[in-house]
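>>> Prediction below, plus the sequence it came from.
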Amino acid sequence: MRVNFTVNGRPEAVDGVWEGESLLYVLRERVGLPGSKNACEQGECGSCTVYLDGLPVCACLVAAGQAEGREVRTVEGLAQGDRLDPIQEAFVECGAVQCGFCTPGLLVQAHDLIERNAEPSDAEIREALAGNLCRCTGYEKILDAVRLAAARKAGVA
Amino acid sequence: MEFLRPTTWGEALAAKAERPDAVPIQGGTDVMVEINFDVRRPVALLDLNQVTDLAGWEPMSDGRLRVGAGVPYARIISELGDRLPGLAQASRTVGSPQIRNRGSVGGNLGAASPAGDSHPPLLAGDAVIEVESAARGTRMIPAAEFYLGVKRSALEPDELIRAFWMAPAEGPQYFSKVGTRNAMVIAVCSFAIALHPQERRARTGVGSAAPTPRRALAAEEFLAAELDWTGSGPLDAALLARFGELAAQAASPIDDVRGTADYRRHAVAVMARRTLTWAWNDYREEAAACA
């Protein structure tokens, strides 16, 4: 089937999509956006987190056909050209990236958190990121990065 | 595989009548896992995301709330947390923020897993499930009659879940769940309680400790007979212990990867005592504030 949707502001018409396929597969294998990672395929790890109509979701659990007519924003859509989003800058500066596999999902999820809550408490950060697993267990630096990005957004760092 | 995409409730019912083997998909948090892992290959998916009727809720003339089957957990928490506190507590324990943005009570009901987090508060809150078919119209099924077996419900193949109906809480409600961590946990077992002071009774729901979610009826009857609703005193320790025992007796758990049957029975008793204590303390405070 054909699926029409918008990815990072650009309209896409994707042909030959299998009806049981996930949005994640379409993004990675058919649209050429491999930033969203494919790991657990069951919503446990958060590595495939993308915005669907402005809400973070696991792309592996969205049927491709459910994206018809909707707006998707992936990790590739966070930066503006060569200018990284503040959450991406904070991850770099804080050393919040080890193997990097969980990073795209964490970036999208953390981006959503500080859009909604400019001054999140540690408990709120932990709750927001509870569905994103880092197998290198680099959580402390990830928390540092989210605190830094939030502080900058709030104008206190 | 076919991908059916109705845009109205009428179209959805017609599609389900024509293709009773089509699997409804709302948030996809159960259905897509089964497809991704190739444990299920439905002949057709019936996408309900475009059916906006399912994504709303409204207060009805009898005072109850009618909540569309597709309202995601995140909105149950943010929009209905004050009126349906037990269900909102359970909703907060569902998966992760990403899952709560997609998953819905309708999906939980459709899957009818004994471990679904919304079932115990639906039972304790005396919810009624509204289902509909093009051929026979609407049926209203009390939650206690909806669950028939492991992943089996009273839903007929040509029916879809339209909404659940539940009265706003008239007394304290609590939910408790055992798992290995706070997030991303399928319940080892769970327990919900709702006090209904006007009826002078409590209702309960036991999750993930029997083939279906179920009420602990003997425990409820015991409370109805023994609780002093007019009093503002603390709970008697013997009453609390007996309530826990009766709640555990309502369970018929199995040993599985998440826990043993013995552990589940024990944990149900503990959660029953705790949730009743929390609820009763709130009730006493409210009673004292009104006095």
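Sure, I can see it.
>>> just so I have it, where are all the helices in the stretch 101-250 of chain B?
Per DSSP state H, counting those that start in this stretch, the stretch 101-250 of chain B has helices spanning B:105-111, B:119-124, B:143-146, B:217-226, B:237-250. These are given in chain order.
>>> Of those, flag the one that's most buried.
helix B:119-124 (a mean of 31; mean count of other Cβ atoms under 10 Å in any protein chain shown). For glycine as for every other residue, the C-beta is placed from the backbone atoms N, C-alpha and C.
>>> Let me know the average pLDDT across that helix.
With pLDDT averaged residue by residue, helix B:119-124 scores 98.
>>> Ok, stretch B:156-164 next?
For stretch B:156-164, the mean pLDDT works out to 98.
>>> Reformat the helices of the stretch 101-250 of chain B as CSV; add distance to A:Asn8.
Converted to CSV, these look like this (distance: least, Cβ to Cβ, whole Å):
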stretch, distance to A:Asn8
helix B:105-111, 28
helix B:119-124, 39
helix B:143-146, 42
helix B:217-226, 53
helix B:237-250, 51
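>>> and the residue of chain B found nearest chain A, what does it touch?
In chain B, the residue that lies nearest chain A is B:Ser96 (2.1 Å; Cβ to the nearest Cβ). Neighbouring residues of B:Ser96 by Cβ atoms under 8 Å, 6 or more residues apart in numbering or on different chains: A:43, A:46, A:130-132, B:183-184.
>>> Number of residues surrounding the nearest residue to it once chain neighbours are set aside?
In this structure, B:Ser96 finds its nearest non-sequential neighbour in A:Gly131, 2.1 Å apart by Cβ to Cβ, 6 or more residues apart in numbering or on different chains. By other Cβ atoms under 10 Å in any protein chain shown, the residues close to A:Gly131 number 23.
>>> Quick check: A:Gly131 is in a strand.
No: read with DSSP: H, G, I helix; E, B strand; the rest coil, A:Gly131 is coil and lies in no strand.
>>> Enumerate every residue touching residue 152.
If you meant another chain, say so; for now it's chain A. A:86, A:90.
>>> Please refer instead to chain B.
Neighbouring residues of B:Arg152 by Cβ under 8 Å, 6+ apart: B:Ala112.
>>> Likewise for A:Gln42?
Listed by Cβ under 8 Å, 6+ apart, the contact set of A:Gln42 reads A:60-61, B:33, B:36-37.
>>> Let me see the ranges of the helices in chain A.
A:23-25, A:86-94, A:103-116, A:122-128, A:139-154 (DSSP state H).
>>> out of the ones you listed, deepest packed?
Of these, the one with the most neighbours on average (mean count of other Cβ under 10 Å) is helix A:23-25, at a mean of 26.
>>> Which neighbouring elements make contact with that helix?
strand A:49-52 (3 or more Cβ pairs under 8 Å, 6 or more residues apart in numbering or on different chains; DSSP states H and E).
>>> Give me the distance between B:Leu240 and B:Val131.
Using Cβ to Cβ, to the nearest Å, B:Leu240 is found at 38 Å from B:Val131.
>>> Actually, A:Gly16.
In this view, A:Gly16 and B:Val131 are 36 Å apart by Cβ to Cβ.
>>> For chain A, which residues are neighbours of chain B?
A:1, A:18-20, A:22, A:41-44, A:46, A:49, A:55-58, A:60-63, A:65-66, A:68, A:109, A:127-128, A:130-132 (Cβ under 8 Å from any Cβ of the partner chain).
>>> All the strands of the stretch 1-150 of chain B, residue numbers only.
B:2-4, B:23-25, B:44-47, B:57-59, B:65-68, B:128-133, B:137-142, B:147-149 (DSSP state E, counting those that start in this stretch).
>>> The fourth one pairs with which strands?
The sheet places strand B:57-59 alongside strand B:65-68 (antiparallel), with pairing taken from DSSP bridges.
>>> related to what we said a few turns ago, is it possible to get CSV of the helices of chain A that adds mean pLDDT?
Output for those, formatted as CSV (pLDDT from 0 to 100):
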stretch, mean pLDDT
helix A:23-25, 98
helix A:86-94, 97
helix A:103-116, 98
helix A:122-128, 97
helix A:139-154, 96
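>>> so which residue of chain A comes closest to chain B?
Closest point on chain A to chain B, by Cβ to the nearest Cβ, is A:Gly131, at 2.1 Å.
>>> what's near enough to touch the residue nearest to B:Ser96?
For A:Gly131, the contacting residues are A:43-46, A:49, A:58, A:109, B:95-99, B:183-184, by Cβ under 8 Å, 6+ apart.
>>> most surrounded residue in those?
Ranked by neighbour count (other Cβ under 10 Å), these have A:Cys58 at the top, with 35 neighbours.
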